[in-house]
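Asks: Sequence below, structure please.
(one chain, ligands or ions: 1)
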Amino acid sequence: MLCPFCKSEIPDDAKKCMNCGEWVDPAYKKPLPEKGTFFSFLGETIVNLLFWAFILLIAGIVVFAYLDYNDMITF
Ligand SMILES: [Zn+2]
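Replies: The predicted structure follows:
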């Protein structure tokens, strides 16, 4: 495989690049995809929150419009 830091050819099972000395163990690479998943999860959560905030806003408008309508009939 290629060292992600110095792009030199190193053994596939190498944990540390013998050329630049950086750790290339897959265990050290894992945090990156997890970060991506976390941020996409965060994005999904924000979209969901905005969606439900929008639904609640519409529901609130409908309820208040309905109450106003009832008030108009009562008075
Ligand atoms: Zn290297």
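Asks: all helices of the protein, in order?
Replies: Assigned by DSSP state H, the chain shows helices spanning 26-29, 31-74.
Asks: Any chance of those helices in JSON lines with distance to the ion, mean pLDDT and mean neighbour count as columns?
Replies: All C-beta spots, glycine's among them, are computed from the backbone N, C-alpha and C. Listed next are these as JSON lines, based on distance: least, C-beta to the ion, whole Å; pLDDT from 0 to 100; neighbours: other C-beta atoms under 10 Å:
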{"stretch": "helix 26-29", "distance to the ion": "13", "mean pLDDT": "62", "mean neighbour count": "10"}
{"stretch": "helix 31-74", "distance to the ion": "17", "mean pLDDT": "82", "mean neighbour count": "10"}
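Asks: Just send those back as a markdown table, with distance to Cys3 too.
Replies: Converted to a markdown table, these look like this (distance: least, C-beta to C-beta, whole Å):
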| stretch | distance to Cys3 |
| --- | --- |
| helix 26-29 | 12 |
| helix 31-74 | 15 |
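Asks: To Phe5, which of these lies closest?
Replies: Among the helices of the chain, helix 26-29 comes nearest to Phe5, with 11.0 Å by C-beta to C-beta.
Asks: Now Pro4: closest residue in space that isn't a chain neighbour?
Replies: Distances taken as C-beta to C-beta, 6 or more residues apart in numbering place Val24 nearest to Pro4, at 6.4 Å, with adjacent residues excluded.
Asks: burial count for that neighbour?
Replies: 21 (other C-beta atoms under 10 Å).
Asks: got it, and Glu22?
Replies: Neighbour count for Glu22, taken as other C-beta under 10 Å: 12.
Asks: can you tell me which residues contact it?
Replies: Applying C-beta atoms under 8 Å, 6 or more residues apart in numbering to Glu22 gives the contacts Cys3, Pro4, Phe5, Cys6, Lys16.
Asks: Appreciated, that's everything.
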